[in-house]
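Visitor: pasting the structure only:
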């Protein structure tokens, strides 16, 4: 069973930066892609960014493209989300997820079969 542990959330002012980390353990050889999703109160969980474990191109939601960067360190089994120029509307719980299915839609949460516990990101205006 793949296990995911997020870290790095917190409170920041608008325009600031945060970096989230997601450490994977267990049978990580089964992972095809890693993604980040966010969920604000009263809203659906939404796609933020994804990257394949083999290092192909990353995927971003339009709302974060140019501000957020997803990267991975295979040696550490860790995926990062660097968030710059944060806005109050970025406030949400951010979840790391692992996708064990090849050729899936990495932007769709239903393809992900392992999830972390979530990290709160709060951006004040």
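Guide: Now that the structure is in, tell me what you want to look at. Values in this document were obtained by computation on a predicted structure and should not be read as measured data.
Visitor: which residues does the residue nearest to the spatial centre of the chain bridge with?
Guide: Most central in the chain under CA atoms, centre = their mean is residue 36, positioned 2.0 Å from the mean C-alpha point. Following DSSP bridges, residue 36 is listed with bridge partners residue 49, residue 96.
Visitor: OK, contacts around it?
Guide: Residue 36 makes contact with 20, 22, 48-50, 70, 79, 81, 94-97, according to CB atoms under 8 Å, 6 or more residues apart in numbering. For every residue, glycine as well, the C-beta is placed using N, CA and C.
Visitor: any chance of CSV for the residues you listed, columns pLDDT?
Guide: Listed next are the contacts of residue 36 as CSV, based on pLDDT from 0 to 100:
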residue, pLDDT
20, 98
22, 97
48, 98
49, 98
50, 96
70, 97
79, 95
81, 98
94, 98
95, 98
96, 97
97, 97
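Visitor: rebuild the residues you listed as CSV, extending it with distance to residue 118 and neighbour count.
Guide: Converted to CSV, the contacts of residue 36 look like this (distance: CB to CB, whole Å; neighbours: other CB atoms under 10 Å):
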residue, distance to residue 118, neighbour count
20, 10, 24
22, 11, 26
48, 13, 24
49, 16, 25
50, 17, 25
70, 17, 21
79, 15, 29
81, 13, 27
94, 7, 24
95, 5, 23
96, 8, 28
97, 10, 24
